[in-house]
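S.K.: turn this into a structure:
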Amino acid sequence: MTDLSELRQGAFAPGHSADIADALVANSGLRIDIDRRRGRGAGLNTTGRFEPLARETEDDGWSSLEDLPPFKTEVQIEKPRSIISRNDSPDIPFDRSVNPYRGCEHGCIYCFARPTHAYMGLSPGLDFEAKLFAKPDAPRLLERELAKPGYKVRPIALGTNTDPYQPIEKEWRIMRQILEVLQACNHPVMIVTKSAMVMRDIDILADMAEKGLAKVGLSVTTLDRKLARLMEPRASTPGKRLEAIKALSEAGIPTTVMMAPVIPALNDHEIERVLDSGKAAGAEFASYVLLRLPLEVSPLFRDWLLRNYPDRYRHVMSLVRSMRGGRDYDAEFGKRMKGAGPYAWQIGRRFELAAKRLELNLTKRPLNGDLFVPPLGLGVQLSLL
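M.R.: Next up, the predicted model:
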C-alpha cells in the first residue's frame with residue numbers, strides 16, 4: 001500500500017511536474033494485465049483520490065495474478081432521493097440535468113466524468129467502466145420533482161455526465177422511461193450520446209420534436225474505426241453514429257454533430273471530415289470540445305497514450321499543455337472547453353470555417369417550455385381542491 005499524498009502531488013495537483021506525472025503512468029507495474037481488461041479503455045485501476053491508502057496488485061512469486069478473474073460489468077442499484085442535478089456554470093447551455101446511470105461501460109479513455117467514481121470509493125479507472133450504478137427510480141423521482149408547486153420549466157439535459165444509452169440501457173430501459181415522463185408532460189429535453197441506441201426512441205423524440213421539445217447531439221470523435229475502438233471500446237462505431245444522425249434528422253429531430261473531444265496530433269486533423277460527414281447525414285448544427293484531463297483522467301489518458309501511441313506521446317502532451325497554461329488541464333470557466341493559446345485558436349478557427357462552409361449553425365432552435373403540463377401520476381400528491 002502507498003501513501004496517496006505522493007500521487008496527489010504528482011498526478012493530481014494543478015501545477016504538477018510533468019516529469020513526475022509521466023514517470024507515474026510509465027510505471028508498468030501499476031497496469032492491469034491485458035487479459036483481465038480486454039475490451040476496456042483504461043489500463044489502470046488506481047485508488048480514488050479520497051482514499052487514505054492506495055492499493056497495488058503485486059505478484060507474490062507463485063503466479064497468483066494468473067488466477068484473477070477479468071473485469072466483468074457489474075450493476076448495482078442506486079436509490080437517490082432526488083434526480084434533477086442543477087448547476088450554475090456560465091459556459092454550458094443548461095442549468096439542470098438527469099443521469100440515469102453512474103459509471104459508463106463505453107470505457108472512453110478521455111471521459112471527464114471518470115473522477116466522479118471516486119465519490120463512491122471506487123477507481124475512476126477500470127471500476128468506472130465495470131462497476132456501474134443504475135437508478136431505476138429515476139422516472140418516478142423525475143415525475144415527482146416536475147410536479148412540485150413553483151417548478152420552473154427549462155430544458156433538462158440527458159447524457160451530460162455518463163451516456164444514458166450505454167449497453168446496460170438495453171436491459172434496464174431507464175432512459176426510455178424518463179423520456180416517457182417528459183413526453184407526457186411536454187417538458188423540453190436535450191440529449192448527448194455516442195450510441196446508435198438512441199434510434200430506439202425515435203418514436204418519442206420525433207413526437208416531442210414536432211412540438212419543439214427535443215434535440216439530440218451525437219458525439220463523433222473520429223471516423224477512424226481503429227482509433228475509435230482503442231479510445232471508445234464499447235461505444236457505437238463512427239458509422240453507426242452517423243447512421244443515427246441520419247435517422248434522427250429524417251424523423252424531424254434537430255441534430256448536432258459533436259466532435260468531442262478534439263485531441264491534438266491524434267484526431268484534430270479530422271475536424272473538417274467529421275463535420276462533412278455529419279452534414280451529409282443531415283445534422284443542422286455542430287460543436288466541439290477540447291480534450292479535458294481533470295484529476296484522475298490525466299494519468300489514465302497518458303497511460304493509454306503510452307500504450308497505444310508511444311511515438312506521439314510527447315508531442316500530444318506538449319500540445320495539450322500549450323493550450324492549458326503549461327498544465328494538463330485548466331478548469332477555469334471560459335477556457336476549459338476550448339483552451340487558450342495559438343494552437344487552441346487554430347482549432348477554433350478551423351472549426352468555424354468548416355461549419356460556415358457547410359452552412360451549419362445558421363439558425364437557433366430554442367426548445368419550447370410553454371406547453372408544459374405538470375404530471376399527475378405515481379408518486380405525485382394530488383390536489384385537495
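
S.K.: what's in contact with the lengthiest strand in the chain?
M.R.: Identified as the longest strand of the chain according to DSSP state E is strand 255-262. Defining contact as Cβ atoms under 8 Å, 6 or more residues apart in numbering, one finds that strand 255-262 is touched by 110, 192, 215-221, 245, 248-249, 267-268, 270-271, 274-275, 277-279, 281-292, 347, 351, 360. All C-beta spots, glycine's among them, are computed from the backbone N, C-alpha and C.

S.K.: please repeat the previous calculation with a cut-off of 6 Å.
M.R.: 110, 216-217, 219-220, 245, 248-249, 268, 274, 278, 283, 285-291, 347 (Cβ atoms under 6 Å, 6 or more residues apart in numbering).

S.K.: next, the angle from the helix or strand that that strand is followed by to strand 255-262.
M.R.: Following strand 255-262 in sequence order, the next helix or strand is helix 271-281 (DSSP states H and E). Angle, helix 271-281 to strand 255-262, by axes from the mean of the first three to the mean of the last three Cα atoms, to 10 degrees: 160 degrees.

S.K.: packing partners for helix 271-281?
M.R.: Contacts defined by 3 or more Cβ pairs under 6 Å, 6 or more residues apart in numbering; DSSP states H and E place helix 271-281 against helix 238-250, helix 342-357.

S.K.: other SSEs contacting the following helix or strand past that helix?
M.R.: Next helix or strand after helix 271-281 toward the C-terminus (DSSP H and E): strand 285-290. In this structure, strand 285-290 packs against strand 255-262, with contacts taken as 3+ Cβ pairs under 6 Å, 6+ apart.

S.K.: run me through the strand neighbours of the strand it packs on, direction for each.
M.R.: Applying DSSP bridges, strand 255-262 is found paired with strand 214-219 (parallel), strand 285-290 (parallel).

S.K.: and the contacts of the last one?
M.R.: For strand 285-290, the surrounding residues in contact (Cβ under 6 Å, 6+ apart) are 256-262, 275, 337-339, 351, 355, 360-361.

S.K.: quick one on the thing from earlier: now render the helices and strands packed on helix 271-281 as CSV, adding distance to residue 132 and mean pLDDT.
M.R.: Shown next, in CSV, are these (distance: least, Cβ to Cβ, whole Å; pLDDT from 0 to 100):
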stretch, distance to residue 132, mean pLDDT
helix 238-250, 22, 98
helix 342-357, 33, 98
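
S.K.: okay, these, which one's buried deepest?
M.R.: helix 238-250 (a mean of 20; mean count of other Cβ atoms under 10 Å).

S.K.: need the residues that contact it.
M.R.: 196, 198-199, 216, 218, 220, 223, 228, 255, 277, 281-283.

S.K.: before we move on, what about stretch 322-338?
M.R.: 14, 90-91, 289-290, 293-294, 298, 339, 341, 343-344.

S.K.: centre of the chain to it, how far?
M.R.: Remark: stretch 322-338 is offset 18 Å from the chain centroid, using Cα atoms, centre = their mean, to the nearest Å.

S.K.: using CSV, write out the CA atom coordinates for it.
M.R.: Only the C-alpha atoms of stretch 322-338 are listed here, as CSV (Å, rounded to 0.1, in the frame of the first residue of the first chain):
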residue,chain,number,x,y,z
SER,A,322,0.5,24.5,-24.6
MET,A,323,-3.3,25.1,-24.6
ARG,A,324,-3.7,24.6,-20.8
GLY,A,325,-1.2,27.1,-19.4
GLY,A,326,1.6,24.6,-19.2
ARG,A,327,-0.6,22.1,-17.2
ASP,A,328,-2.6,19.0,-18.2
TYR,A,329,-5.8,20.9,-17.5
ASP,A,330,-7.2,24.3,-16.7
ALA,A,331,-10.7,24.2,-15.2
GLU,A,332,-11.3,28.0,-15.5
PHE,A,333,-14.8,28.8,-16.9
GLY,A,334,-14.5,30.0,-20.4
LYS,A,335,-11.2,28.1,-21.0
ARG,A,336,-11.9,24.6,-20.0
MET,A,337,-14.0,23.7,-23.1
LYS,A,338,-11.8,25.5,-25.8
